[in-house]
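Asks: Provided below for reference: sequence and predicted model.
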2 protein chains.
Amino acid sequence: MAAQRGQRNGVAPGAAEVTAPIPRVTAGGPEVPAARDRARAIPEAAVARLAVYLRVLSGLQEQGAGTVSSEELAVAAGVNSAKLRKDLSYIGSYGTRGVGYEVSVLIGEIERILGLTRKHSVAVVGIGNLGHALANYGGFPGRGFPVSALFDIDADLVGIPVGGIPVDHIEDITRVCLEREVSIGVIATPPPAAQGVCDRLVAAGVQCILNFAPVVLQVPDHVEVRKVDLAVELQVLSFHVARRADGPPPVRRTVNGRVDGMVVS
Amino acid sequence: MAAQRGQRNGVAPGAAEVTAPIPRVTAGGPEVPAARDRARAIPEAAVARLAVYLRVLSGLQEQGAGTVSSEELAVAAGVNSAKLRKDLSYIGSYGTRGVGYEVSVLIGEIERILGLTRKHSVAVVGIGNLGHALANYGGFPGRGFPVSALFDIDADLVGIPVGGIPVDHIEDITRVCLEREVSIGVIATPPPAAQGVCDRLVAAGVQCILNFAPVVLQVPDHVEVRKVDLAVELQVLSFHVARRADGPPPVRRTVNGRVDGMVVS
DNA sequence: AGCTGTGAAGGACTTCACAGCC
DNA sequence: GGCTGTGAAGTCCTTCACAGCT
């Protein structure tokens, strides 16, 4: 059991070693990064941004844009253009110097890298308030992530359709997930139930989990977990409010009427 | 207008310069970091983890634990112990060598640093499926974040209580937020409405925003934004599924009924 | 002997800045 | 002249490893 990996910072240390390409001390020559390794080489942080670029690009395409410059795209995505170009360079060279990027080409390449050319069935476990909201998201954000199974422990909910899908009992999770080839499990249960649900999902062959329960899940190394933690988000914001309260935003706090040696008042 | 900051990576570059303590080329002496600067020095990544430690510690306290070692706490929080100790060292030295940390002390100190000793009123904008779920979270994850206002553009919803709070019309956002001293705004609207709502929240003096809409918000430098982006999370998971498909995972993909030389069927 | 606290080394990600192509 | 692609430099974060206290 390894703790969950790469969330809101890098990829986990120990865990990474397992999946990472073996240091590759190829006999008879220096390291020869195979073309396939390219994907591995994309920083996790860049992957998340590629998803953002993709959304922005889709918007541009709907507006009929044919090409974009790195600067335009960067502003729309809320990053600086150097970072954007670096991110795009991880997936290849699809721009034209002096011109920019062709929107449709970029969309295609990012979708390919993110694996969006294939559909990923999603199962939502825990049909409470949040589970309802998730199930109703309708095909889930962007196409490509059809919700194909819902589970709850409450027998009264079983059979009732939510967002068009009937709820199954959690006991059937393994069978149903296998049948419907679920590749992503979403945990929206109360905290105490989360680890148990996670274990069942893993047993059912689900390799990726999106966890909304405020619990640190323990999973085997080959399972990828991402978490969305409301409490953490709010507390980080709270920290910033607090910082602002003490800290001297524009100029350093005064000490005896002085600021860094400069007389202030 | 600066794009939103520090999300899933560091703090933004340009933005940070504004708040960061000026490089301090103090006349006549080396850098003298004031004690208060300690908070500034906590890496964003560490702040998010502190929130996780806090939750784990609360659990331990309920179980009656008096002290914990860095190793125990680290395992429970899903990080390694060196990182945990480093994170805790940012807020001070509250452990006892040879023994560990006193649970209650650590809880108190983390709460202090995260600014949880003060309450932060939360307003939720957009009372759709997600907004409902958020409003019903009940006082919001952990105490300290009372939901004190709900807004929607739909006049039919106005006055209806959700999770005990009656919905106000979005037109009244400025007045109500000021009256109820809202410090954190949560955006759960459809994408096209998000930027407009954000602008209104900012106009109402809200300095922290948690954004669930899949849109890159543009905000002034002094406003802190964090986003929760379902589509991005799923797409990052999708990327990992795709990676796994090429690369050699634990066991190589079958080729002609064989797996890495082992007969399969 | 056990465990914390932390400099220092290492690694990942970001930004710079400019060569290279259109 | 304009814009991409990318080594190199810089910054931030993580991990190591051990000194220092109990």
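Replies: That came through fine.
Asks: quick one: the one helix or strand A:Arg200 maps to near chain B?
Replies: Per DSSP states H and E: A:Arg200 is located in helix A:191-203. No. If you take Cβ under 8 Å from any Cβ of the partner chain as the test, helix A:191-203 misses chain B, and the best it gets is 9.2 Å. Backbone N, C-alpha and C define where each C-beta goes, glycine included.
Asks: List the buried residues for that helix?
Replies: A:Ala193, A:Ala194, A:Gln195, A:Val197, A:Cys198, A:Arg200, A:Leu201, A:Val202 (16 or more other Cβ atoms under 10 Å in any protein chain shown).
Asks: what helices or strands is it leaning on?
Replies: Packing partners of helix A:191-203 (3 or more Cβ pairs under 8 Å, 6 or more residues apart in numbering or on different chains; DSSP states H and E): strand A:121-125, helix A:173-179, strand A:182-187, strand A:208-211, strand A:218-219.
Asks: Mind checking the ones you listed for the one nearest to DNA strand C?
Replies: Among the helices and strands packed on helix A:191-203, strand A:208-211 comes nearest to DNA strand C, with 18.1 Å by Cβ to the nearest atom of the strand.
Asks: Give me the residue ranges of the stretch 1-150 of chain A where confidence is low.
Replies: Along the stretch 1-150 of chain A, segments meeting pLDDT under 70 span A:1-40, A:138-142.
Asks: Tell me what angle the helix holding A:Arg200 forms with strand A:121-125.
Replies: 150 degrees (axes from the mean of the first three to the mean of the last three Cα atoms, to 10 degrees).
Asks: Just say helix, strand or coil for the residue minimising distance to the centre of chain A.
Replies: Geometric centre of chain A, nearest residue: A:Ala48, 5.9 Å, by Cα atoms, centre = their mean. What DSSP: H, G, I helix; E, B strand; the rest coil gives for A:Ala48 is helix.
Asks: wait, isn't it in contact with B:Leu234?
Replies: No. The pair A:Ala48 and B:Leu234 does not pass the contact test of Cβ atoms under 8 Å, sitting 11.2 Å apart.
Asks: residues making contact with the helix holding A:Arg200?
Replies: A:123, A:125-126, A:151, A:153, A:170, A:173-174, A:177, A:185, A:187, A:189, A:209, A:211, A:213-215, A:217-220, A:223 (Cβ atoms under 8 Å, 6 or more residues apart in numbering or on different chains).
Asks: PyMOL command for the buried members of those?
Replies: A single PyMOL command selects the buried members of the contacts of helix A:191-203 (16+ other Cβ under 10 Å):
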select buried, chain A and resi 123+125+126+151+153+170+173+177+185+187+189+209+211+213+214+215+217+218+219+223
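Asks: What residues does chain A have near DNA strand C?
Replies: A:10-11, A:16, A:43-46, A:79-80, A:82-83, A:85-86, A:96-99 (Cβ under 7 Å from any atom of the strand).
Asks: Of these, just the buried ones, ChimeraX syntax please.
Replies: Only the buried entries of these go into this ChimeraX selection, using 16+ other Cβ under 10 Å:
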select /A:11,44,45,46,79,80,83,85
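Asks: List the ones among the residues of chain A next to DNA strand C that fall in helices.
Replies: Counting by DSSP state H, the residues of chain A next to DNA strand C place A:Ala16, A:Glu44, A:Ala45, A:Ala46, A:Ala82, A:Lys83, A:Arg85, A:Lys86 in helices.
Asks: hmm, back to that, mind putting the helices and strands packed on helix A:191-203 into JSON lines with distance to A:Gly131?
Replies: Formatted as JSON lines, the helices and strands packed on helix A:191-203 follow (distance: least, Cβ to Cβ, whole Å):
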{"stretch": "strand A:121-125", "distance to A:Gly131": "5"}
{"stretch": "helix A:173-179", "distance to A:Gly131": "14"}
{"stretch": "strand A:182-187", "distance to A:Gly131": "8"}
{"stretch": "strand A:208-211", "distance to A:Gly131": "12"}
{"stretch": "strand A:218-219", "distance to A:Gly131": "20"}
